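K.L.:
All I have is the shape, not the residue letters:
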């Protein structure tokens, strides 16, 4: 928490263009979500991730989704399948493939989904929240705490983010076998 977030340059599976945080010159911050195609938790949160982008992009906090999984372990998470899902669901944000898994390792991501809210301070992005999207993966209708939404609303209001961290709930990242 409070660390300067490392920039990355990863391929967007939707249009094959390289994307980095530096491309978001007008953003106040970024919602980085490590996610994937196959994980049941990622699937349950997919519409909520899409809604976060719709709600907060206009307020200066766009979503960048990143899949860190090794597609040789789970073929559903291949760049081709990522592109198909993103196009079928009409993602309004980039869906990047972390082929080397270095970005996920640098951020300390362990689950899909795992969220990092970054606030732009001068030319740096500072980590303000790490964890889950909300407190109920199974049923959006009974969510009591919308961690990501509350954190961004607090940031926009100039208030401290509380909580700063929550436990990410999801599937373990499928790391390459070394």
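P.N.:
Arrived safely. Computed from a predicted structure; not experimentally measured.
K.L.:
so what's the backbone phi/psi at residue 125?
P.N.:
phi -110, psi 130 (degrees, to the nearest 10).
K.L.:
I figured it hits residue 28, correct?
P.N.:
No. At 10.2 Å, residue 125 does not count as touching residue 28 under the criterion of C-beta atoms under 8 Å. All C-beta spots, glycine's among them, are computed from the backbone N, C-alpha and C.
K.L.:
With neighbour numbers in mind, choose between the two.
P.N.:
residue 125 (24 against 17; other C-beta atoms under 10 Å).
K.L.:
circling back: what sits in contact with each of residue 125 and residue 28?
P.N.:
Shared contacts of residue 125 and residue 28 (C-beta atoms under 8 Å, 6 or more residues apart in numbering): residue 119.
K.L.:
And the helices in the chain, which stretches?
P.N.:
Assigned by DSSP state H, the helices in the chain fall at 40-56, 79-89, 102-107, 147-156.
K.L.:
Which one of those helices lies nearest to residue 3?
P.N.:
helix 102-107 (9.8 Å; C-beta to C-beta).
K.L.:
what packs against that closest one?
P.N.:
For helix 102-107, the packing partners by 3 or more C-beta pairs under 8 Å, 6 or more residues apart in numbering; DSSP states H and E come out as strand 29-34.
K.L.:
Quick one: distance of the strand it packs on to the chain centre.
P.N.:
Distance of strand 29-34 from the chain centroid (C-alpha atoms, centre = their mean, to the nearest Å) equals 4 Å.
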